[in-house]
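Novice: Structure here, sequence nowhere to be found:
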């Protein structure tokens, strides 16, 4: 039996240390378990993380494929890369924006950095992004607007010291089981409590002391109701507001009445007052996709931050803590050049642009002027021009993006390169498929949701026709721009050293984190400007509060609830929402197994099912939106509010229904609420299994 290899779990963003053991002979992993010596999780591990790593489902990609006469056929790496480079060069000859690139929060820091370097510094395209924008962009934008910098102020160290744990629009019992263990342990103290704000009774609600079941899409209204109640009762930290913030009086003037905001959210004034009282104790506010995936996602995240600021809940044991889904969403934000240059360097700052160009050895003029329109805007550019070719890396947009039928059609009509581990829905419309290594086969680093960097190591070799993500990126990059990358294989440590040097002196400083240091300490939190230091709670200095804003203060916001992105009406009287299920992750390709062809399960309240009994046929119905129709299996569930339909984000058919409208500030789509109807299955509504071909991503997924 091979030796145990320490690594980091790539299932979610908790960043648990794992030990992996390769098989005796051949390729693959034999065993996976938690690493008791790892400082993040100290041996804890969730079963799903272990299972998805050791024995993932899905159809493995085993060699490069090219499309010939409408079929994907096996070919050599040289042939596949020749086709890719020839088509990319033809697209770039028309315009520097001729190639779009979509990355992922499942790449290592090194692969994300290399992909961004090629997209921005080699191709020069503005049409580059990652699927992390589908899940985290609103939180990112809110942090920048409030604090002048991205990423949560708190860390895991603050969880035991909080007395109120307010979980808003998230289900960490399912999404982040190990972190949730710490949260529940803290909330179980007699002087502590767990409050959950969610339209649906989730697994997290099972442990809650208070569950606020607000109407879907009204989170901003409820947050403003709570703040208005705090103002009415003068339950504010005036000293903190005066010393460390700006903009509170403008916010106070913009607040609705408690009664009006409560009514808009569909809750009682007593419920508002109950949650407002909870802020009197040291409070951590956690939020997830239920907040972010909305046309008001940024404004709502800002409103949650406002609650912390107004009550002085900023500092150790308190604060606003956005919960990141994918394993390396944070690394993508720091490393990949998708929204900022490495180290959170501002995209439009001429000095930072010049330093990035010098490091990469490219002219500043090649770097795009803005970060681009986001993934939905990229699909628009693919459908309508100027993009003529698209390259997806470790992501599955045909299943993971809203209005997925349109995404499929747009990608099918362009030259599409898919780089992945498993055969996904996106592979089925690809012109070239490049097989990449997955968990347990890759080398590099990742960054978890509390800003901690740790190593990813290979415990097994890969089959002969499989390549590391970073090497595939370097191979394409070297053929297009020989001076941008050394000829592959690309050394991950060398890529990380270039990255960390480029982050020196920035808000997200990785310069003091080396592979040697990670060998010794296993995990280091940024900012780490030297090899002896690492980050803790942010913005607290020996001299008090210091924020990287123009005033040096944290900023309040004035946004108020503006209605739903797609209200119900007589034709579409029900509200669809989407969320996680315990036995799957992201677009589900590592966990589908033999259930790949199963119908989606729609959870509906028993009274709603009874009211629409004419639409049911042997437990099935057709959920119809303005964009598509999907046949589902109905599961009555009184934990789902009346007049709502709940569907899993993990099923590849679901996003044909969802709404492609985006938050105007973050470009994050409004996945969480749209108007639907249920109708009896008829010949004009055949069973829909959009793109189900038995496959999935490389752990590379959408909608974290």
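Specialist: Nice, thanks for sending it over. Keep in mind the model is a prediction, meaning the values are calculated, not measured.

Novice: Poorly predicted segments of this structure, please.
Specialist: Along the chain, the model assigns pLDDT under 70 to residues 1, 593-596, 683-704.

Novice: so where's the longest helix in it?
Specialist: With secondary structure taken from DSSP state H, the chain has its longest helix at helix 77-94.

Novice: between the helix or strand following that one and helix 77-94, how big is the angle?
Specialist: Using DSSP states H and E, the helix or strand that follows helix 77-94 in sequence is strand 99-103. Strand 99-103 runs at 120 degrees relative to helix 77-94, counting by axes from the mean of the first three to the mean of the last three CA atoms, to 10 degrees.

Novice: Direction included, what does strand 99-103 pair against?
Specialist: If you go by DSSP bridges, strand 99-103 pairs up with strand 128-130 (parallel), strand 389-393 (parallel).

Novice: Please work out which residues outside that strand touch it.
Specialist: Contacts to strand 99-103, defined as CB atoms under 8 Å, 6 or more residues apart in numbering, come from residues 88, 91-92, 112, 115-116, 118-119, 123, 125, 127-131, 332, 336, 338, 375, 378, 381-382, 387-395, 397. From N, CA and C alone the C-beta is placed, and that goes for glycine too.

Novice: can you give me the strands for the stretch 501-650 of the chain?
Specialist: Taking DSSP state E, counting those that start in this stretch, the strands of the stretch 501-650 of the chain run over residues 523-525, 540-541, 544-545, 554-555, 574-579, 601-604, 620-624, 629-636, 644-648.

Novice: got the ones you listed as JSON lines, with mean neighbour count columns?
Specialist: Shown next, in JSON lines, are the strands of the stretch 501-650 of the chain (neighbours: other CB atoms under 10 Å):
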{"stretch": "strand 523-525", "mean neighbour count": "23"}
{"stretch": "strand 540-541", "mean neighbour count": "10"}
{"stretch": "strand 544-545", "mean neighbour count": "13"}
{"stretch": "strand 554-555", "mean neighbour count": "22"}
{"stretch": "strand 574-579", "mean neighbour count": "24"}
{"stretch": "strand 601-604", "mean neighbour count": "23"}
{"stretch": "strand 620-624", "mean neighbour count": "23"}
{"stretch": "strand 629-636", "mean neighbour count": "19"}
{"stretch": "strand 644-648", "mean neighbour count": "22"}
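
Novice: about what we covered before: tell me which of the strands paired with strand 99-103 sits nearest to residue 592.
Specialist: Of all the strands paired with strand 99-103, strand 389-393 sits nearest to residue 592, with 19.2 Å by CB to CB.

Novice: which element follows that closest one toward the C-terminus?
Specialist: Assigned by DSSP H and E, the successor of strand 389-393 is helix 397-400.

Novice: Helices along the stretch 101-250 of the chain, start to end?
Specialist: With DSSP state H, counting those that start in this stretch, the ranges of helices along the stretch 101-250 of the chain come out as 109-116, 137-147, 172-175, 177-187, 219-232, 238-244, 248-254.

Novice: end-to-end on stretch 142-153?
Specialist: Chord length of stretch 142-153, first to last residue, is 12 Å (CA to CA, to the nearest Å).

Novice: Now tell me what touches the strand or helix carrying residue 434 from outside.
Specialist: In this assignment (DSSP H and E), residue 434 forms part of strand 432-435. With contacts defined as CB under 8 Å, 6+ apart, strand 432-435 is touched by 60-67, 72, 80, 83-84, 416-421, 423, 427, 465-467, 472.

Novice: re earlier: highest mean neighbour count out of the helices of the stretch 101-250 of the chain?
Specialist: helix 109-116 (a mean of 30; mean count of other CB atoms under 10 Å).

Novice: Against which helices or strands is it packed?
Specialist: For helix 109-116, the elements it packs on are strand 99-103, helix 329-335, strand 444-447, helix 469-480, helix 492-502, judged by 3 or more CB pairs under 8 Å, 6 or more residues apart in numbering; DSSP states H and E.
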